[in-house]
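A.B. asks: Generate coordinates for the sequence data below:
(4 chains)
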Protein chains: 2
Amino acid sequence: MAIDRRVARTRHALYEALVRLIRDRDYDTISVEHILQEANVGRSTFYAHFTCKDDLLRASLERLKALLVAAREKHAAALQEGTTREVWDPSRALFEHVAEFNDIQLALAGGRGGAVLHDAINDVLADVLRDSFPAQTSNLVPRELAIRHVVSTFNTILDWWVRRQRQIGPAEADRIFKMLLLEGLPAAWRDAFTASFGAAERDGGAK
Amino acid sequence: MAIDRRVARTRHALYEALVRLIRDRDYDTISVEHILQEANVGRSTFYAHFTCKDDLLRASLERLKALLVAAREKHAAALQEGTTREVWDPSRALFEHVAEFNDIQLALAGGRGGAVLHDAINDVLADVLRDSFPAQTSNLVPRELAIRHVVSTFNTILDWWVRRQRQIGPAEADRIFKMLLLEGLPAAWRDAFTASFGAAERDGGAK
DNA sequence: CACGTTACCGAACAGGATGTCCGGGAAATT
DNA sequence: AATTTCCCGGACATCCTGTTCGGTAACGTG
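C.D. replies: Below is the predicted model of the structure:
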């Protein structure tokens, strides 16, 4: 038996409503009732599908995760067939997606409630990345930490970028991302950092 | 007139209660009533001091921030007088503090509610760091982004470290922190990263 | 020490959100 | 067309929030 069309519509309506609300509200100021109103869904119906607001969020993120994984596998298949020779560059792709669609932008820019979202998205990205991250281990940095660091760096830049009204383009953002990740802080800031973090003995000039 | 002893005691009791509760609960599952009970403070009294739960959190973090700033300035003064020749190394100091006191550890390890806290602490650290960060600008990475990246990297490692029951010592954690920040991902992971993020064409082995 | 001031308590209150339950009715599947 | 399945809407108990008020005890001051 196929999935009842009604449940599909209901769930879809709820997903969409949540996204819509998240765009102009802090996540944790959104009540279930807001969602019901926005999605035009009955109260009891909601609780027939999800146990609570966070459950809906989790499901929504699972959906996002599935999208990301599907995109990656699709591209891998295309490479396999020789349909494309382009390199799969997820960070670049994500930056450009965000630049193009406003959907996700403000979701991340949120204040207090944004943190929950931010963290949740971090987890999703980490999951996706983990799948395509080699099992090989480095004696310098543990695998899991490496993954979290990649994701966290990405998210930091994305967050900053979105907040700053994107004065720079996605390509530039991606360039910075890869630079920070692969080479560390550029020399100018490195000196600044070691000076203030490592050696205040220059003069009284800490402040 | 000096500050009334009663208000000092009340505020202190509330701060302590919040910290105590945060240690074994998600921040956002903590109700004002829990705090009242834990601090043994009357309901109306609470609202005479703080407007809401988040207000208390903000104040607590201001307190933390003041501590950090004071520590830095104290050390700067000591250097000035020649009392010490030690270098002020905040990241190392923080890792060791966390290793020593359990106060903050689990606060960061929290699940959903931890995110709010995590974010708030990020802001505090960024504020502190900003004060001692040179105004000089790099054409490669904007100042504010550099600051956020330092803080975010620190927090990522701290988070991972705490979650992992700290199988490694604070010195080691600090070493990793500085390495990731100043040199980027170590070679082993860098190759892995560019391979999976930049070129899936190795074989079918993306998944 | 005695005074006036100030903070605390406890209880009570309205408002709003959560999660549950049911019965009627409509839509989908077969 | 029959029957299963889902949705709606209202009602409900429960919890939490933030405010108000009078009584009481602690505080700082002279």
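A.B. asks: C-alpha from now on. contacts and neighbour counts both.
C.D. replies: Noted.
A.B. asks: Name the residue of chain A with the shortest distance to chain B.
C.D. replies: Chain A approaches chain B most closely through A:Gly184 (4.0 Å), counting by CA to the nearest CA.
A.B. asks: OK, contacts around that residue?
C.D. replies: B:Leu180, B:Leu181, B:Leu182, B:Glu183, B:Gly184, B:Leu185 (CA atoms under 8 Å, 6 or more residues apart in numbering or on different chains).
A.B. asks: Then A:Val69?
C.D. replies: A:Val128.
A.B. asks: Which SSE is immediately downstream of the least confident helix or strand in chain A by mean pLDDT?
C.D. replies: Each helix and strand of chain A was given a mean pLDDT (mean pLDDT, DSSP states H and E); the minimum falls on helix A:105-109 at a mean of 58. Counting by DSSP states H and E, the next helix or strand C-terminal to helix A:105-109 is helix A:112-131.
A.B. asks: What angle do helix B:112-131 and that following helix make with each other?
C.D. replies: Angle between the axes of helix A:112-131 and helix B:112-131 is 100 degrees (criterion: axes from the mean of the first three to the mean of the last three CA atoms, to 10 degrees).
A.B. asks: So which elements touch helix A:112-131?
C.D. replies: helix A:53-81, helix A:105-109, helix A:143-163, helix B:112-131 (3 or more CA pairs under 8 Å, 6 or more residues apart in numbering or on different chains; DSSP states H and E).
A.B. asks: distance between it and the chain's centre?
C.D. replies: 6 Å (CA atoms, centre = their mean, to the nearest Å).
A.B. asks: Quick check: buried residues in that helix?
C.D. replies: A:112-127, A:129-130 (16 or more other CA atoms under 10 Å in any protein chain shown).
A.B. asks: Please apply the same query to stretch A:174-184.
C.D. replies: Buried residues in stretch A:174-184 (16+ other CA under 10 Å): A:Asp174, A:Ile176, A:Phe177, A:Lys178, A:Met179, A:Leu180, A:Leu181, A:Leu182, A:Glu183, A:Gly184.
A.B. asks: Redo these as TSV? Include distance to A:Val141 and secondary structure.
C.D. replies: As requested, the buried residues of stretch A:174-184 are exported to TSV (distance: CA to CA, whole Å; DSSP: H, G, I helix; E, B strand; the rest coil):
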residue	distance to A:Val141	secondary structure
A:Asp174	23	helix
A:Ile176	22	helix
A:Phe177	19	helix
A:Lys178	18	helix
A:Met179	18	helix
A:Leu180	16	helix
A:Leu181	13	helix
A:Leu182	14	helix
A:Glu183	15	helix
A:Gly184	15	coil
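A.B. asks: Can you tell me the SS state at A:Val41?
C.D. replies: Under the three-state scheme (DSSP: H, G, I helix; E, B strand; the rest coil), A:Val41 adopts coil.
A.B. asks: so it touches A:Thr10, yeah?
C.D. replies: Yes - counting by CA atoms under 8 Å, A:Val41 does reach A:Thr10; the two are 7.3 Å apart.
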